[in-house]
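K.L.:
Fold the following.
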Amino acid sequence: MTPEHVASTAALPLHPQDEAECRLCEVHCEKVVYPTSCLDRSCPFVYAHIEHGHTYMGCLQKVYEAEIDVELMLEAEESREGFGAVRALRGPLPMCRSAVQTTFAHRETELGCLNPEFGELPAGSPTFRVFARVADR
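P.N.:
The predicted structure follows:
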């Protein structure tokens, strides 16, 4: 391990999976959420208000900051590209459809990600399933 690698790992956050962005290396990763899934999943933290004849939606938990015109979002969702994602300001909630977006993937070193837990599911969500088998003896 190089001294630079040791120094950078010492600066890892306590709960990296709850962070919204990672700038520990030259790759620059950030979490994004898909607002259309908020409506699809009937998220209890979605709010809506009407202003100037348009309905806007947002997140009460401020996972993302944008207030989105619902009509335009649904119209874009019908297109081939879909509406897409918005940048998360904080760690996505377990019910959020989220992803990690890398900006400069070509800058990744041979060692790979310095912060591999960054891409894990939000705390509170299991990262694996456990199945128990009970055998009769």
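K.L.:
got the contact list for Thr55?
P.N.:
Listed by CB atoms under 8 Å, 6 or more residues apart in numbering, the contact set of Thr55 reads Ala48, His49, Asp69, Val70, Glu71. (C-beta placed from N, C-alpha, C; glycine too.)
K.L.:
mind checking how far the residue lying closest to the third one once chain neighbours are set aside is from His28?
P.N.:
Going back to what we said before, that points to Asp69. Nearest residue to Asp69 in three dimensions, chain neighbours excluded: His54, at 5.3 Å (CB to CB, 6 or more residues apart in numbering). Here the distance between His54 and His28 works out to 34 Å (CB to CB, to the nearest Å).
K.L.:
Run a quick neighbour tally on Gln27.
P.N.:
Residue 27: Val, not Gln. Look at Val27: counted by other CB atoms under 10 Å, it has 19 neighbours.
K.L.:
Just the pLDDT for it.
P.N.:
pLDDT recorded at Val27 is 74.
K.L.:
And it, how close does it get to Cys59?
P.N.:
Distance from Val27 to Cys59, counting by CB to CB: 27 Å.
K.L.:
again with Val100
P.N.:
With the distance defined as CB to CB, Val100 ends up 19 Å from Cys59.
K.L.:
Next secondary structure after the helix or strand bottoming out on mean pLDDT in the chain?
P.N.:
Least confident helix or strand of the chain, by mean pLDDT, DSSP states H and E, is helix 3-9 with a mean of 49. The helix or strand immediately downstream of helix 3-9 is strand 21-22, counting by DSSP states H and E.
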